[in-house]
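S.K.: Sequence and predicted model, in that order:
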Amino acid sequence: MKKIFINIIIVISFIFIYLLQANFFTWFKIAGVMPNLFIILMLYIGLFMGRTSAITYGIILGMLVDIFIGRRLGISSIMLAVIGLIANLFDKNFSKDNRITVMAMVGICTIIYEAGAYLLSSLILDINLEIFAFIKILTVEALYNVILTIIIYPIMQLTGYDVEEEYKGSKILTKYF
């Protein structure tokens, strides 16, 4: 029953993030760049809910992002699933207790997501690569996501460990031995 409630909250969070991206952050662009809160959501899912949930949510939410935003279908799906997998690797190798570590994870995931999406888009759509413009956009978006992570981190930490206990169980000793 608790897992169903957690999944409902994740879906509501997705809808809320979509509405923020579509309405609120269009007014608060920095150098013409908006943050990508879907990366932070997938990092949260990968860190606290596990690999299977991260891949599943990455594919489903990525398809919805592609449908709603109107990009090429499948690119966000692939990249959000990859972010979920990377977040699961971060969970095994790094601590989620440190805000700076989570900020670094968000920055790295933003770079990986945008670089992968840009490369896939350039292969599928056969467009020219504009490296300097892309690096500028990538830098601004990564910094924007990291700054928003500072604000969101207390909520992530407060809810994350309850979600992790429900999905992964209490495996403290087996994690270190």
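M.R.: Everything's here; your move. Residues are numbered from 1 along each chain as shown.

S.K.: Okay, and the spatially most central residue of the chain sits in which element?
M.R.: Relative to the mean C-alpha position of the chain, the nearest C-alpha, by C-alpha atoms, centre = their mean, is the one of residue 39, at 1.9 Å. Assessed by DSSP states H and E, residue 39 sits inside helix 37-48.

S.K.: and the very next helix or strand once past that helix, what does it pack onto?
M.R.: Read in the C-terminal direction, the helix or strand following helix 37-48 is helix 51-69, with elements assigned using DSSP H and E. For helix 51-69, the packing partners by 3 or more C-beta pairs under 8 Å, 6 or more residues apart in numbering; DSSP states H and E come out as helix 2-19, helix 37-48, helix 75-93. Where C-beta positions appear, they are placed from N, C-alpha and C, glycine not excepted.

S.K.: Determine which stretch of these is the most buried.
M.R.: Mean neighbour counts were compared across those using mean count of other C-beta atoms under 10 Å; the top stretch is helix 37-48, at a mean of 25.

S.K.: And the pLDDT for residue 68?
M.R.: Here the pLDDT value assigned to residue 68 is 85.

S.K.: Going forward, the N-terminal residue is numbered 556.
M.R.: OK, 556 is where the count begins now, so the last one is residue 623.

S.K.: can you tell me how far the residue lying closest to it once chain neighbours are set aside sits from residue 630?
M.R.: Ranked by C-beta to C-beta, 6 or more residues apart in numbering and with sequence neighbours excluded, the top spatial neighbour of residue 623 is residue 573, at 6.4 Å. From residue 573 over to residue 630 the distance is 17 Å, taken as C-beta to C-beta, to the nearest Å.

S.K.: before we move on, what about residue 606?
M.R.: Taking C-beta to C-beta as the criterion, residue 606 is separated from residue 630 by 21 Å.

S.K.: what do you get for residue 572?
M.R.: In this structure, residue 572 and residue 630 are separated by 18 Å, where distance is defined by C-beta to C-beta.

S.K.: same question, residue 616
M.R.: Residue 616 is 13 Å from residue 630, where distance means C-beta to C-beta.

S.K.: same deal with residue 618?
M.R.: Between residue 618 and residue 630 the computed distance is 10 Å (C-beta to C-beta).

S.K.: what's the answer for residue 560, then?
M.R.: Computed with C-beta to C-beta, the distance linking residue 560 and residue 630 is 31 Å.
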